[in-house]
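**Student:** structure, please.
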Amino acid sequence: MKRKISALFILSLISMLLLSACGGGGQGGKKSDTVVIGVYGGDWEKHIKPSIESFEKDTGLKVKVVSGTDSEWFTKVKASNGKNPPYDLLILQPDTIQRAQAAGLLQAIDEKKVPNVKDLYHTVQNRFTEGGEQYAAGFSMGQLGIAYRKDLVPQEPKRWTDLWNASYRGHVAISSPTYSAGLQFFAGLINAQGGLESNKKDVDKAFNSLADLKKNATAFPDNPGSIQTLLERGDAWVVPFWDGRAFSLEDSGLDLGFAYPEEGAVAALASWAVMKGSPNQENAYKLLNHLISPEVQSDFSDRTFYGMTNKKVKYSDKLKGKVKVGEDYYKNLKWVDYETAAAELSNWTNRWNQVLGGK
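**Tutor:** The predicted structure follows:
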């Protein structure tokens, strides 16, 4: 009896292994024809959609697009704990990638299956490399600098410290650290003064400077729409903003200029990451390779006015000579110390409100 049971068990085990081997990783033994991707909603989704549609046409695969934000995606992916997450590929900010990588939720990129990753700027990819493995692929390189109304400012800004210029009194808009542009500006200010976010004295020095800036402040916007309105109305002449947003407003007819501060612009990078345990991982790699290609990045740049991360991207005439890109430039960017910022954000926000009287 025991011999019969053992034989039946072995036969069943062999049968299961054979079925698994033939299945190709899909449900019910079928190879997956789907990939789930998370992208930002609104204009971002609109601008990436043509490239996703071309991928579907070329490969025959179906791309399920889920619009959302880093916070909601991270919550759901963390709950999956690396087993069948609800997304295969996500567009994420550096702080989210840092948290997800620390939690073991990201799949190291297989460079053989994503050959275009070799053409991404090393300065960018080094930010996502650990133990020789890359856990994200840089995509759109936004940079925080100074947007200004060329027809209104008595002199064009060149440095972060120019925001304190008395000729700008009552016409500077500043965002709080709770908004990404505000946090990046705060980091840029600390950097411009030769400090680090992790050094309390350097932070204190930055807040003392913000107290002096209050007399120049006119508003404390917390979203791109508010900043655009302030600039259009002429209520704000200068405001820390992203280069792509500023160039887009200029292209629409606003007499707007943009300065990459001499002390260093602040990186605002959006990158792709494959989720660990992705149920459609092979398809995710194919889509990732497509999205970081020079052709797709060139198209996205034309639509958004941002610099990109693939060194082979060819920029249109409307961006040549305006957007600053390249290894030599990217290596001098200021990157927010998100590890420190995450722990100090509540304290910084309270101090910012006390100093500037913002909301």
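**Student:** residue contacts, G38?
**Tutor:** With contact set as CB atoms under 8 Å, 6 or more residues apart in numbering, G38 has these partners: V65, V66, S67, G68, W73, Y87, L89, L90, I91. To be clear about C-beta, it is placed using only N, CA and C from the backbone, and glycine gets the same treatment.
**Student:** in helices, which of the residues you listed fall?
**Tutor:** Using DSSP state H to define helices, the subset of those located there is W73.
**Student:** just the buried ones from the contacts of G38?
**Tutor:** Under a neighbour-count criterion of 16 or more other CB atoms under 10 Å, the subset of the contacts of G38 counted as buried comprises V66, G68, W73, Y87, L89, L90, I91.
**Student:** look up how far S180 lies from T69.
**Tutor:** To S180, T69 is 11 Å away according to CB to CB, to the nearest Å.
**Student:** just flag the most distant two among the buried ones among the contacts of G38.
**Tutor:** Across the buried ones among the contacts of G38, the longest distance by CB to CB is 12.9 Å; it joins G68 and L89.
**Student:** before we move on, the earlier item: nearest to D58, out of the buried ones among the contacts of G38: which one, please.
**Tutor:** For D58, the nearest member of those is L89. The distance, counting by CB to CB, is 16.7 Å.
**Student:** that closest one and L213, how far apart?
**Tutor:** Spatial separation of L89 from L213 under the definition CB to CB is 41 Å.
**Student:** run a quick neighbour tally on E344.
**Tutor:** Neighbour count of E344, defined by other CB atoms under 10 Å: 17.
**Student:** whoops, P221 was the one
**Tutor:** P221 has 24 neighbouring residues, counting by other CB under 10 Å.
**Student:** so after the longest strand along the chain, what's the next helix or strand?
**Tutor:** When the chain is scanned for its longest strand (criterion: DSSP state E), the result is strand 137-149. Sequence-wise, the next helix or strand beyond strand 137-149 is strand 172-173, with elements assigned using DSSP states H and E.
**Student:** state the distance spanning the first to the last residue of stretch 311-322.
**Tutor:** Distance between the two ends of stretch 311-322: 17 Å, counting by CA to CA, to the nearest Å.
**Student:** correction: the previous question concerned stretch 321-328.
**Tutor:** Criterion CA to CA; first-to-last residue distance in stretch 321-328 is 15 Å.
**Student:** just for the stretch 1-150 of the chain, where's the confidence low?
**Tutor:** In the prediction, the stretch 1-150 of the chain carries residues with pLDDT under 70 at positions 1-30.
**Student:** and the helices in it?
**Tutor:** Per DSSP state H, counting those that start in this stretch, the stretch 1-150 of the chain has helices spanning 2-23, 43-59, 70-80, 94-102, 122-125. These are given in chain order.
**Student:** angle of the second one against strand 137-149?
**Tutor:** Using axes from the mean of the first three to the mean of the last three CA atoms, to 10 degrees, one finds that helix 43-59 and strand 137-149 are set 150 degrees apart in direction.
**Student:** go on, the fourth one?
**Tutor:** Taking the same axes, to 10 degrees, one finds helix 94-102 and strand 137-149 inclined to each other by 160 degrees.
**Student:** for helix 94-102, name the packing helices and strands.
**Tutor:** Counting by 3 or more CB pairs under 8 Å, 6 or more residues apart in numbering; DSSP states H and E, the packing neighbours recorded for helix 94-102 are helix 70-80, strand 266-274, helix 338-356.
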